[in-house]
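Participant: A structural model of the following input is requested.
(2 chains)
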Number of protein chains: 2
Amino acid sequence: MSDRSRRIPEATVARLPVYLRSLAELLEDKTATVSSERLAEMAGVNAAKVRKDLSYLGSYGTRGVGYDVEYLAFQMSRELGLTHDWPVVIVGAGNLGQALANYGGFKERGFPVAALVDADRAKVGQLVHGVPVHHLDELPVLKERLGIAIGIIATPAVAAQDVADALAEAGIGSILNFAPAVISVPEGTSLRKVDLALELQILSFYQEHRDTEGV
Amino acid sequence: MSDRSRRIPEATVARLPVYLRSLAELLEDKTATVSSERLAEMAGVNAAKVRKDLSYLGSYGTRGVGYDVEYLAFQMSRELGLTHDWPVVIVGAGNLGQALANYGGFKERGFPVAALVDADRAKVGQLVHGVPVHHLDELPVLKERLGIAIGIIATPAVAAQDVADALAEAGIGSILNFAPAVISVPEGTSLRKVDLALELQILSFYQEHRDTEGV
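Facilitator: Residues are numbered from 1 along each chain as shown, chains lettered A, B, ... in the order given. A predicted model of the protein is given here:
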């Protein structure tokens, strides 16, 4: 697995969770096989790209039948490292951090929120939706004790870089940034950014053209 | 504009905000021109795709010089409908709704949060970061009075479909769903979904392969 996986292009990796979500829907509907065309339609890409992406997983489907949904979902989960849990720490116990701690989609998909962390000592010791709040200084201890794999930055923009530094220093190698700020991380640390306004811009495109064209 | 824009592929539309964000960074650095290679690198796609995407906007760049950053950003903003504001209503005044009402990235990019709405009458009349909370039943009135263009669903999963129905009935034609639920909307309504766990799955891929391969 390791040699092959290292060569999977970043853009393909970013599409795997989208395919996996489509496969989960198919499994719910008890669909046994799926064509690359159908999967492409569900994921919003073209069929040739689906076939190419899945070939990186060693999956080629069967002509005239398609892909086995259950097996493909298993392969993809294994490749994405979703066959076990990845405990998460959320930094920032404000509204966003609290909302994320309560977000149903994390735990059920293998990302239990193990701790919240905040720089404000007044918040330390509180329970947020059952998750304890610790002080930012405790990150290294929490990392060891709870096996934290991923840190989520849910602070105001101005604090984001300091928090990223603290996460990296604590040895937490994967960071998801929700703060509307550009941050940098040391080499070897994975960084992804959620830009909440991006989807709004896509919607405004369609709204703009609907309004002006009467579609 | 209208004839051309209607033919822009969905996948290209989804990349325009990513390019625009890169262009904003270049403008901040007072960079006057950008090559398709550089823009591709910033946006995480390949250069041929950038050139193809920009050609839909009627932008072809100048050989050996590249694209004029400021003009390209203007073209893209116009195409995305970002030359004017799109007032937003957030449905659900819980932690997530409150966090979104306070999210700095919305207003500064032309999506002012005009109102929060909740089904709980006890919350009506409150101010959340300066945004008033109204009852869900007031959606049609708010739509007319505030010119609401986009509705954001920030409720628990179980309420999401009812909220989507209420937004569509109120004539709000664009919906962004944050609830971890699959919902359907009437034809003519635009729907986008923010899946907060998706980015975590991408991070777990890299963490998994780093852990198992010692990279």
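Participant: pLDDT averaged over the strand or helix carrying A:Ala115, what's the number?
Facilitator: In this assignment (DSSP states H and E), A:Ala115 forms part of strand A:113-118. Across strand A:113-118, the average pLDDT comes to 97.
Participant: in it, what's buried?
Facilitator: Within strand A:113-118, the residues scored as buried using 16 or more other C-beta atoms under 10 Å in any protein chain shown are A:113-118. Quick note: C-beta positions are derived from backbone N, CA and C, even for glycine.
Participant: state the pair within those residues that is farthest apart.
Facilitator: Between all members of the buried residues of strand A:113-118, the longest pairwise span (C-beta to C-beta) is found for A:Ala114 and A:Asp118 and amounts to 14.8 Å.
Participant: mind splitting chain A into its structural domains?
Facilitator: Chain A is divided into the following domains under automatic domain parsing: A:2-79, A:88-198.
Participant: check which element follows the worst-scoring helix or strand of chain A on mean pLDDT along the chain.
Facilitator: For chain A, counting by mean pLDDT, DSSP states H and E, helix A:2-6 ranks last in confidence among helices and strands (a mean of 49). From helix A:2-6 onward toward the C-terminus, using DSSP H and E, the following helix or strand is helix A:10-28.
Participant: pull out the buried positions in that following helix.
Facilitator: A:12-23, A:26.
Participant: can I get these in CSV with distance to B:His209 and pLDDT?
Facilitator: What follows is these, written out as CSV (distance: C-beta to C-beta, whole Å; pLDDT from 0 to 100):
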residue, distance to B:His209, pLDDT
A:Thr12, 13, 90
A:Val13, 10, 92
A:Ala14, 14, 87
A:Arg15, 16, 90
A:Leu16, 12, 93
A:Pro17, 15, 92
A:Val18, 19, 89
A:Tyr19, 18, 94
A:Leu20, 16, 93
A:Arg21, 21, 89
A:Ser22, 23, 91
A:Leu23, 21, 94
A:Leu26, 26, 94
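Participant: quick check, nearest of those to chain B?
Facilitator: Of all those, chain B sits closest to A:Pro17, with 3.9 Å by C-beta to the nearest C-beta.
Participant: stretch A:135-150 and chain B, are they touching?
Facilitator: Yes. Using C-beta under 8 Å from any C-beta of the partner chain, we find that stretch A:135-150 touches chain B at A:149-150.
Participant: contacts for that stretch?
Facilitator: Applying C-beta atoms under 8 Å, 6 or more residues apart in numbering or on different chains, the external contacts of stretch A:135-150 come out as A:86-89, A:91, A:111, A:114-115, A:117-119, A:121, A:124, A:134, A:151, A:163, A:166-167, A:169-176, B:200, B:203-204, B:207.
Participant: gap between the two ends of that stretch?
Facilitator: 17 Å (C-alpha to C-alpha, to the nearest Å).
Participant: list the buried residues of it.
Facilitator: Quick answer for stretch A:135-150 (16+ other C-beta under 10 Å): A:136, A:139, A:142-143, A:148-150.
Participant: before we move on, what about stretch A:38-46?
Facilitator: Buried residues in stretch A:38-46 (16+ other C-beta under 10 Å): A:38-40, A:42-43, A:45.
Participant: check stretch A:67-83 too.
Facilitator: A:67-69, A:72-73, A:75-77, A:79-82.
Participant: show me where chain A has strands.
Facilitator: A:33-34, A:67-68, A:88-91, A:113-118, A:127-128, A:131-135, A:150-153, A:174-177, A:190-193 (DSSP state E).
Participant: for B:Gly188, find the nearest of these.
Facilitator: strand A:33-34 (28.4 Å).
Participant: not counting the closest one itself, show me its contacts.
Facilitator: With C-beta under 8 Å, 6+ apart, strand A:33-34 has contacts from A:23, A:26, A:65-69, A:72.
Participant: what lines up beside it in the sheet?
Facilitator: strand A:67-68 (antiparallel) (DSSP bridges).
Participant: pick out the lowest-pLDDT one from the contacts of strand A:33-34.
Facilitator: Scoring these by pLDDT puts A:Val65 last, at 88.
Participant: that one: how many residues sit nearby?
Facilitator: Per other C-beta atoms under 10 Å in any protein chain shown, the neighbour tally for A:Val65 reads 11.
Participant: residue contacts, it?
Facilitator: A:Thr33.
Participant: let me know the pLDDT of the nearest residue to A:Val158 once chain neighbours are set aside.
Facilitator: Distances taken as C-beta to C-beta, 6 or more residues apart in numbering or on different chains place A:Ala181 nearest to A:Val158, at 7.4 Å, with adjacent residues excluded. pLDDT for A:Ala181: 83.
Participant: show me what contacts A:Ala181?
Facilitator: A:157-158, A:160-161 are the contacts of A:Ala181 under C-beta under 8 Å, 6+ apart.
Participant: show me where chain A has helices.
Facilitator: Taking DSSP state H as the criterion, chain A contains helices spanning A:2-6, A:10-28, A:36-43, A:47-55, A:69-79, A:95-101, A:104-107, A:139-146, A:160-169, A:198-213.
Participant: does chain B have contacts with the fourth one?
Facilitator: No. Using C-beta under 8 Å from any C-beta, helix A:47-55 stays clear of chain B, with a minimum separation of 9.5 Å.
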